[in-house]
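Trainee: Here is my input, please return the structure:
(one chain, ligands or ions: 1)
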Amino acid sequence: MSISLKGPHALSFDALQRVLPKGRTGIFALGYVDSDGRFRVQSVGRDDYDVRARLSELIGSSTMFKFAVMPGSREAFEEECALFHQLRPPSTIIHPVRPRGTNWQCPHCLQLSL
Ligand SMILES: [Zn+2]
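Mentor: Predicted structure coming up:
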């Protein structure tokens, strides 16, 4: 993984309040910890405005999460793409969508098409 995600933490309101700042761009992976203690990713995502708010809406859909706060939406988009291609999360079928109003390309798909 090119980026280190923090966690895993329980996907709960308390944990989100404790570990995540408000109103920050970020990416996340949702999943669970298996019997060997390994974090298993089920899905990945990002939010360009408030990753804590996005994760709050997802409480109940998974038991654990990892996250990284990103400096901007371009970095968040590219890292979400990296997670998508590297982890192949079973519940994230559709490729990450670029932020509205941009023409940014996924660097990984670009490599594949060269
Ligand atoms: Zn791609």
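
Trainee: contacts and neighbour counts: CA atoms only from here.
Mentor: Will do.

Trainee: which outside residues touch the top helix by length along the chain?
Mentor: Longest helix in the chain, counting residues (DSSP state H): helix 73-87. Contact with helix 73-87 is made by 1-3, 25-28, 41, 44-48, 70, 92, 95-99, 104, 106-108, as judged by C-alpha atoms under 8 Å, 6 or more residues apart in numbering.

Trainee: just those that are near the ion?
Mentor: 106, 108 (C-alpha under 5 Å from the ion).

Trainee: Buried ones among the contacts of helix 73-87?
Mentor: Burial by neighbour count, 16 or more other C-alpha atoms under 10 Å: within those this picks out 25-28, 41, 44-48, 70, 96, 98, 106.

Trainee: Pick the one among those residues closest to the ion.
Mentor: residue 106 (4.6 Å; C-alpha to the ion).

Trainee: Roughly how far does that closest one sit from residue 74?
Mentor: Counting by C-alpha to C-alpha, to the nearest Å, the gap from residue 106 to residue 74 is 10 Å.

Trainee: same question, residue 61
Mentor: Counting by C-alpha to C-alpha, the gap from residue 61 to residue 74 is 26 Å.

Trainee: got it, and residue 91?
Mentor: Taking C-alpha to C-alpha, one finds residue 91 at 23 Å from residue 74.

Trainee: These two: who's more crowded?
Mentor: residue 74 (17 against 12; other C-alpha atoms under 10 Å).

Trainee: Please identify the helix or strand for residue 30.
Mentor: strand 26-33 (DSSP states H and E).

Trainee: Now do the helix or strand following that strand: which elements does it pack against?
Mentor: For strand 26-33, the succeeding helix or strand toward the C-terminus, using DSSP H and E, is strand 39-47. Applying 3 or more C-alpha pairs under 8 Å, 6 or more residues apart in numbering; DSSP states H and E, one finds that strand 39-47 makes contact with strand 26-33, helix 73-87.
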